[in-house]
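>>> task: produce atomic coordinates for the following.
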Amino acid sequence: MQFCFTIYTLLPMDIGRLEVLRELRLRGSVTAVARATHRTPSAVSQQLKTLEREVGAPLTEREGRGLVLTPAGDALAQAAADVVVAMARAEETWRSYLAGPEGRVDLATFPTAGRMFLPGLLLAARATPGLEVMAADVDPVHADFAAIVPDFDVVLAHSVGPAPSWDDRDLIQVHLVDEPLDVALPVGHPLADRDAVTPAEIAQEPWIGVPDDFPYERLHQEIERVAGTVLRIVQRFSDTRVTESLVAAGLGLAVLPRFTSGAEGSGVVLRPLAQLAPTRRIAALLRRETAERPSVRLVLDHLRSIAADLG
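Numbers count the residues shown, from 1 in each chain. Coordinates of the predicted model:
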């Protein structure tokens with residue numbers, strides 16, 4: 001009897017209301033859901049109340065001035081993701097059958113990934129009739145790339161070390177490349193002719209650092225740990241192009257990504273950091289249902305192809 005009751009209870013649920021519940025789990029507030037789904041906050045609240053009546057259990061509860069999911073609401077929101085993905089798969093299979101990979105794909109990228117991937121990606125997209133890729137840059141010190149995934153189809157993200165927030169949400173991670181992080185020195189520096197430098201050799205130099213909580217800060221801390229001293233940070237910038245220009249002027253050393261720094265004529269040379277060999281992981285983050293779209297799959301294929309050529 002319990003089995004029959006469960007089937008009966010689930011049948012009336014509306015997919016649109018399940019999507020609203022899932023959006024609340026992803027975005028964290030009724031206001032954010034309303035803005036993203038082009039509804040009023042009262043309309044979102046009404047959808048949630050109707051869904052509660054359909055399932056016969058409280059799905060949200062008050063916390064301060066906002067709403068949070070109950071354990072039952074969280075469980076249903078996770079199950080709703082499977083429903084949304086299945087519907088997206090069916091719709092996109094039919095759309096692909098009729099027209100192929102076409103439509104607009106919104107992509108967010110941090111600046112250095114944009115320099116690596118966008119020229120090739122946009123040229124490849126231009127060669128596909130009906131496919132449009134619209135790219136936007138995001139703040140490079142954004143600590144939680146996963147938080148902006150609901151607003152884009154694909155988000156290019158990077159992490160030095162583990163990125164727990166990428167795993168905490170119901171997202172697909174498409175690994176693209178592990179990019180070495182090198183020590184940038186001005187041309188003519190006494191260490192510039194070395195094949196690699198050690199933390200002990202560079203720890204006493206002035207440094208061009210990064211803003212607090214920027215991922216590279218962890219690497220600075222590792223250099224300090226291995227060298228047994230505190231780095232002297234004389235300037236802090238998030239823009240690698242500014243950092244590179246200051247290194248070239250002889251104002252300090254810095255950690256810079258290998259694929260977009262140290263070009264010939266820049267006045268900077270890059271050398272691997274011995275004992276640590278740091279890298280940053282670059283990945284594409286997206287929702288599971290978004291990955292069902294032929295246009296998005298094609299964009300991911302192009303990104304993988306470009307990443308393969310970087311090494």
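>>> residues contacting stretch 58-69, please?
By Cβ atoms under 8 Å, 6 or more residues apart in numbering, the surrounding residues in contact with stretch 58-69 are 21, 24-25, 29-30, 45, 48, 51-52, 70, 72-73, 76-77. All C-beta spots, glycine's among them, are computed from the backbone N, C-alpha and C.
>>> out of the residues you listed, which is nearest to Arg232?
Of all those, Arg232 sits closest to Ser29, with 42.6 Å by Cβ to Cβ.
>>> leaving out chain neighbours, which residue sits closest to that closest one?
Gly66 (5.4 Å; Cβ to Cβ, 6 or more residues apart in numbering).
>>> what's the weakest-modelled helix or strand in the protein?
helix 2-10 (a mean of 39; mean pLDDT, DSSP states H and E).
>>> count the residues that sit near Ala192.
14 (other Cβ atoms under 10 Å).
>>> does it touch Val269 like I think?
Yes: using Cβ atoms under 8 Å, Ala192 is in contact with Val269, at 4.9 Å.
>>> what touches both of these two?
The contact lists of Ala192 and Val269 share 185-186, where a contact means Cβ under 8 Å, 6+ apart.
>>> just the buried ones out of the contacts of stretch 58-69, please.
Neighbour-count burial (16 or more other Cβ atoms under 10 Å) applied to the contacts of stretch 58-69 gives 21, 24-25, 30, 45, 48, 51-52, 73, 76-77.
>>> quick one: the strands in the stretch 51-200 of the chain, in order.
All strands of the stretch 51-200 of the chain, identified by DSSP state E, counting those that start in this stretch, fall at 60-63, 66-69, 103-109, 131-137, 154-159, 171-186.
>>> where does the stretch 151-300 of the chain dip in pLDDT?
Along the stretch 151-300 of the chain, segments meeting pLDDT under 70 span 164, 168.
>>> looking at the contacts of stretch 58-69, which one is closest to Gln173?
For the contacts of stretch 58-69, the closest approach to Gln173 (Cβ to Cβ) belongs to Arg25, at 18.4 Å.
>>> wait, a helix at that closest one?
Yes: assigned with DSSP: H, G, I helix; E, B strand; the rest coil, Arg25 falls within a helix.
>>> tell me the spacing between it and Leu67.
11 Å (Cβ to Cβ, to the nearest Å).
>>> element containing Val299?
helix 294-310 (DSSP states H and E).
>>> packing partners of that helix?
helix 71-99, strand 103-109, helix 111-126, strand 131-137, strand 154-159, strand 171-186, strand 279-287 (3 or more Cβ pairs under 8 Å, 6 or more residues apart in numbering; DSSP states H and E).
>>> what's the angle between it and strand 154-159?
40 degrees (axes from the mean of the first three to the mean of the last three Cα atoms, to 10 degrees).
>>> send me helix 294-310 as CSV with only the CA atoms.
Output in CSV follows, covering the C-alpha atoms of helix 294-310 (Å, rounded to 0.1, in the frame of the first residue of the first chain):
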residue,chain,number,x,y,z
PRO,A,294,23.8,19.9,-28.6
SER,A,295,25.1,23.5,-28.9
VAL,A,296,26.7,23.3,-25.4
ARG,A,297,28.2,19.9,-26.2
LEU,A,298,29.8,21.3,-29.3
VAL,A,299,31.2,24.2,-27.3
LEU,A,300,32.7,21.8,-24.8
ASP,A,301,34.2,19.8,-27.6
HIS,A,302,35.9,23.0,-28.9
LEU,A,303,37.2,23.9,-25.5
ARG,A,304,38.7,20.4,-25.0
SER,A,305,40.3,20.7,-28.4
ILE,A,306,41.9,24.0,-27.6
ALA,A,307,43.0,22.8,-24.2
ALA,A,308,44.7,19.8,-25.8
ASP,A,309,46.8,22.1,-28.0
LEU,A,310,47.9,24.2,-25.0
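>>> what sits against Glu52?
Contacts of Glu52 (Cβ under 8 Å, 6+ apart): 58-60.
>>> 6 Å - rerun?
Leu59 (Cβ atoms under 6 Å, 6 or more residues apart in numbering).
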